[in-house]
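In: no FASTA, just this:
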């Protein structure tokens, strides 16, 4: 009897979908809402890493636990009659960070804002970083340890990667740059849809999309303040 009961229980558990395995109309509606909210949901399955990254971005923007799963709280905020109250993945309010022209970094949200002197936002987007290498606080774009503040096509320590649009602001070697490119092929080492998540970790720098890296390169001249928030 115990064996039979165990088999029945196993069969029941195997047929109960997890929140991350939502399917059918519910999953399609979640993807539709994620795309509508600028989260870039990827292919039509919640098991796809691209879609899970979109869920993480949505959770980060809305102060939810960043599990990448369609939890009850996540689904609750995504349903049609509540989605209008949700914060978009690609247009988020700037965290408290003082006044004036500045770059604001939220390590908790894996997100960056370029803020003009009048408080308007010039650009924003997700990032990949390593919070163990950078403490919260205020920094300034500039030359450190005898190294130039801005290098159009920097390289990593191994010499195997390009770091385009490198803008230095902390700890000698920490700066903003585009997702690294393999020097052998010119290809990015990971896709842009991983930005805004913890699915990758950098070597300390803040990796940005090509578009945001270019914007920051032009926006953040020497002396620009960088505010890092947890």
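Out: Okay, I see it. The shown structure was predicted, so the numbers you read here are calculated from the model rather than taken from an experiment.
In: Every contact and neighbour count from this point should use C-alpha atoms.
Out: OK.
In: SS state for residue 60?
Out: The three-state assignment at residue 60 reads helix, by DSSP: H, G, I helix; E, B strand; the rest coil.
In: how close does it get to residue 121?
Out: 19 Å (C-alpha to C-alpha, to the nearest Å).
In: Check residue 195 too.
Out: Distance from residue 195 to residue 121, by C-alpha to C-alpha: 19 Å.
In: Then residue 131?
Out: 24 Å.
In: coming back round to it: who has more neighbours out of residue 195 and residue 121?
Out: residue 195 (25 against 18; other C-alpha atoms under 10 Å).
In: hey, where'd the helices end up in this protein?
Out: 2-15, 24-36, 49-61, 72-78, 80-83, 210-219 (DSSP state H).
In: Show me the shaky parts of this structure.
Out: For the chain, the stretches flagged by pLDDT under 70 are 1-25, 44-47, 80-81.
In: Now do the domain split for it, please.
Out: For the chain, whose domains are defined here by automatic domain parsing, the residue ranges read 2-83, 102-229.
In: Next, find the distance separating the most centrally placed residue in the chain from residue 124.
Out: Taking C-alpha atoms, centre = their mean, the centroid of the chain lies closest to residue 196, which sits 0.6 Å from it. For residue 196, the distance to residue 124 equals 11 Å [C-alpha to C-alpha].
In: where do the contact lists of these two overlap?
Out: residue 111 (C-alpha atoms under 8 Å, 6 or more residues apart in numbering).
In: re the thing from before, so which of the domains of the chain is the most packed in?
Out: With neighbours defined as mean count of other C-alpha atoms under 10 Å, the domains of the chain peak in mean count at domain 102-229, which reaches a mean of 19.
In: Can you measure across that one, start residue to end residue?
Out: Terminal-residue distance, domain 102-229 (C-alpha to C-alpha): 13 Å.
In: now stretch 70-82
Out: 15 Å.
In: With stretch 52-68 instead?
Out: First residue to last in stretch 52-68 (C-alpha to C-alpha) measures 5 Å.
In: do stretch 165-175 as well
Out: 10 Å.
In: Same question for stretch 100-118.
Out: 7 Å.
In: Present the helices of the chain as a markdown table; the columns should include distance to residue 178.
Out: Below are the helices of the chain laid out as a markdown table (distance: least, C-alpha to C-alpha, whole Å):
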| stretch | distance to residue 178 |
| --- | --- |
| helix 2-15 | 43 |
| helix 24-36 | 24 |
| helix 49-61 | 19 |
| helix 72-78 | 30 |
| helix 80-83 | 31 |
| helix 210-219 | 5 |
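In: and residue 98, which of the ones you listed is closest to it?
Out: Of all these, the one in closest proximity to residue 98, counting by C-alpha to C-alpha, is helix 210-219 (17.8 Å).
In: Can you tell me which helices and strands that closest one packs against?
Out: If you count contacts as 3 or more C-alpha pairs under 8 Å, 6 or more residues apart in numbering; DSSP states H and E, helix 210-219 packs onto strand 121-126, strand 161-170, strand 174-178.
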